[in-house]
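S.K.: I need the structure of the sequence given here:
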Amino acid sequence: MYDDKLDGFISEDLYQKKLKEYKEKQRDILIQIEDHTKADENFYITAPKILNLANRALEIFESSEVKEKRALINLLLQNPLLSERKLLFSLRSPFYMIAKCGQTKNWLPLLDAFRTFKGNITTENVRLNQLILQY
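M.R.: Next comes the predicted model:
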(Lines give C-alpha, C1' and ligand atoms only; values in the text may rest on other atoms or scores of the structure.)
Protein backbone atom coordinates (compact mmCIF):
# COMPACT_ATOMS: atom_id res chain seq x y z
CA MET A 1 0.00 0.00 0.00
CA TYR A 2 2.87 2.37 0.76
CA ASP A 3 4.29 1.71 -2.72
CA ASP A 4 0.90 2.65 -4.23
CA LYS A 5 1.00 5.91 -2.28
CA LEU A 6 4.52 6.69 -3.50
CA ASP A 7 3.59 5.84 -7.08
CA GLY A 8 0.54 8.10 -6.86
CA PHE A 9 -2.05 5.33 -7.26
CA ILE A 10 -3.75 6.27 -3.98
CA SER A 11 -4.15 9.65 -2.29
CA GLU A 12 -2.57 10.68 0.99
CA ASP A 13 -6.03 10.78 2.60
CA LEU A 14 -6.86 7.22 1.51
CA TYR A 15 -3.43 6.04 2.67
CA GLN A 16 -3.89 7.61 6.12
CA LYS A 17 -7.43 6.19 6.40
CA LYS A 18 -6.31 2.66 5.51
CA LEU A 19 -3.24 2.95 7.75
CA LYS A 20 -5.49 3.88 10.67
CA GLU A 21 -7.83 0.94 9.91
CA TYR A 22 -4.93 -1.50 9.75
CA LYS A 23 -3.43 -0.19 13.00
CA GLU A 24 -6.80 -0.55 14.77
CA LYS A 25 -7.22 -4.08 13.40
CA GLN A 26 -3.69 -4.94 14.51
CA ARG A 27 -4.40 -3.58 18.01
CA ASP A 28 -7.63 -5.62 18.22
CA ILE A 29 -5.81 -8.78 17.16
CA LEU A 30 -3.08 -8.20 19.76
CA ILE A 31 -5.76 -7.76 22.45
CA GLN A 32 -7.42 -11.02 21.34
CA ILE A 33 -4.08 -12.84 21.47
CA GLU A 34 -3.49 -11.52 24.98
CA ASP A 35 -6.99 -12.60 26.07
CA HIS A 36 -6.44 -16.11 24.67
CA THR A 37 -3.06 -16.35 26.38
CA LYS A 38 -4.58 -15.36 29.73
CA ALA A 39 -7.43 -17.84 29.24
CA ASP A 40 -4.95 -20.60 28.45
CA GLU A 41 -2.95 -19.80 31.60
CA ASN A 42 -6.15 -19.70 33.67
CA PHE A 43 -7.17 -23.11 32.30
CA TYR A 44 -3.94 -24.70 33.52
CA ILE A 45 -4.49 -23.19 36.96
CA THR A 46 -8.22 -23.96 37.20
CA ALA A 47 -8.34 -27.49 35.76
CA PRO A 48 -6.28 -29.15 38.52
CA LYS A 49 -8.31 -27.33 41.18
CA ILE A 50 -11.59 -28.57 39.68
CA LEU A 51 -10.29 -32.14 39.42
CA ASN A 52 -9.06 -31.98 43.02
CA LEU A 53 -12.44 -30.66 44.17
CA ALA A 54 -14.27 -33.40 42.27
CA ASN A 55 -11.98 -36.02 43.76
CA ARG A 56 -12.35 -34.76 47.34
CA ALA A 57 -15.99 -33.56 47.23
CA LEU A 58 -17.32 -36.16 49.70
CA GLU A 59 -14.47 -35.57 52.17
CA ILE A 60 -14.91 -31.79 51.92
CA PHE A 61 -18.68 -32.09 52.30
CA GLU A 62 -18.53 -34.31 55.37
CA SER A 63 -16.02 -32.09 57.18
CA SER A 64 -17.78 -28.78 56.39
CA GLU A 65 -20.24 -26.58 58.25
CA VAL A 66 -23.80 -26.19 56.93
CA LYS A 67 -23.03 -22.92 55.13
CA GLU A 68 -20.03 -24.46 53.37
CA LYS A 69 -22.05 -27.57 52.47
CA ARG A 70 -24.69 -25.36 50.87
CA ALA A 71 -22.00 -23.52 48.87
CA LEU A 72 -20.50 -26.83 47.70
CA ILE A 73 -23.92 -28.17 46.66
CA ASN A 74 -24.64 -24.96 44.73
CA LEU A 75 -21.27 -25.24 43.00
CA LEU A 76 -21.74 -28.89 41.97
CA LEU A 77 -25.47 -29.28 41.38
CA GLN A 78 -27.82 -27.68 38.92
CA ASN A 79 -31.54 -27.45 39.77
CA PRO A 80 -31.51 -29.74 42.84
CA LEU A 81 -35.01 -30.87 43.81
CA LEU A 82 -36.17 -32.90 46.81
CA SER A 83 -38.97 -35.26 45.80
CA GLU A 84 -40.38 -37.68 48.37
CA ARG A 85 -37.14 -37.80 50.36
CA LYS A 86 -35.12 -38.35 47.17
CA LEU A 87 -32.72 -35.76 45.79
CA LEU A 88 -33.05 -35.19 42.04
CA PHE A 89 -30.35 -33.16 40.34
CA SER A 90 -28.06 -32.71 37.40
CA LEU A 91 -24.39 -31.85 37.71
CA ARG A 92 -23.05 -28.53 36.54
CA SER A 93 -20.38 -28.35 33.91
CA PRO A 94 -17.51 -29.36 34.14
CA PHE A 95 -18.47 -31.83 36.88
CA TYR A 96 -20.96 -33.49 34.52
CA MET A 97 -18.17 -34.27 32.07
CA ILE A 98 -15.91 -35.56 34.85
CA ALA A 99 -18.67 -37.91 36.03
CA LYS A 100 -19.38 -39.02 32.46
CA CYS A 101 -15.70 -39.84 31.90
CA GLY A 102 -15.69 -41.80 35.15
CA GLN A 103 -18.44 -44.07 33.84
CA THR A 104 -16.38 -45.38 30.94
CA LYS A 105 -13.24 -47.47 30.95
CA ASN A 106 -12.18 -46.22 27.53
CA TRP A 107 -11.23 -42.53 27.88
CA LEU A 108 -9.76 -42.35 24.39
CA PRO A 109 -12.23 -44.32 22.24
CA LEU A 110 -10.95 -43.00 18.91
CA LEU A 111 -7.22 -42.89 19.61
CA ASP A 112 -6.39 -46.33 18.20
CA ALA A 113 -8.76 -45.86 15.28
CA PHE A 114 -7.04 -42.62 14.22
CA ARG A 115 -3.56 -43.95 14.96
CA THR A 116 -4.07 -46.93 12.65
CA PHE A 117 -6.08 -45.13 9.94
CA LYS A 118 -4.55 -45.84 6.52
CA GLY A 119 -6.92 -43.83 4.33
CA ASN A 120 -8.44 -46.74 2.39
CA ILE A 121 -12.17 -47.41 2.27
CA THR A 122 -12.59 -50.56 4.34
CA THR A 123 -15.02 -51.97 6.85
CA GLU A 124 -12.69 -50.57 9.52
CA ASN A 125 -13.27 -47.04 8.15
CA VAL A 126 -17.01 -47.59 8.29
CA ARG A 127 -16.64 -48.61 11.93
CA LEU A 128 -14.49 -45.52 12.52
CA ASN A 129 -17.20 -43.30 11.04
CA GLN A 130 -19.80 -44.93 13.29
CA LEU A 131 -17.60 -44.30 16.35
CA ILE A 132 -17.14 -40.65 15.37
CA LEU A 133 -20.89 -40.18 15.00
CA GLN A 134 -21.43 -41.53 18.53
CA TYR A 135 -19.33 -38.71 20.00
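S.K.: can you report how many residues lie near Lys69?
M.R.: 14 (other CB atoms under 10 Å). Backbone N, C-alpha and C define where each C-beta goes, glycine included.
S.K.: do you know how far it is from Leu58?
M.R.: Distance from Lys69 to Leu58, counting by CB to CB, to the nearest Å: 11 Å.
S.K.: please apply the same query to Ala99.
M.R.: Counting by CB to CB, the gap from Ala99 to Leu58 is 13 Å.
S.K.: so what pLDDT did Glu65 get?
M.R.: In this prediction, Glu65 carries a pLDDT score of 92.
S.K.: let's have the chain start at 10 instead
M.R.: Okay, using 10 as the starting number, the last item reads as Glu74.
S.K.: shared neighbours of Lys78 and Leu67, anything?
M.R.: Here Lys78 and Leu67 have no joint contacts, going by CB atoms under 8 Å, 6 or more residues apart in numbering.
S.K.: show the average pLDDT along the lengthiest helix in the chain.
M.R.: Using DSSP state H to define each element, the chain has its longest helix at helix 21-71. Averaged across helix 21-71, the pLDDT comes to 86.
S.K.: show me what the next helix or strand after it is packed up against.
M.R.: Once helix 21-71 ends, the next helix or strand along the chain (criterion: DSSP states H and E) is helix 75-85. With contacts taken as 3 or more CB pairs under 8 Å, 6 or more residues apart in numbering; DSSP states H and E, helix 75-85 sits against helix 21-71.
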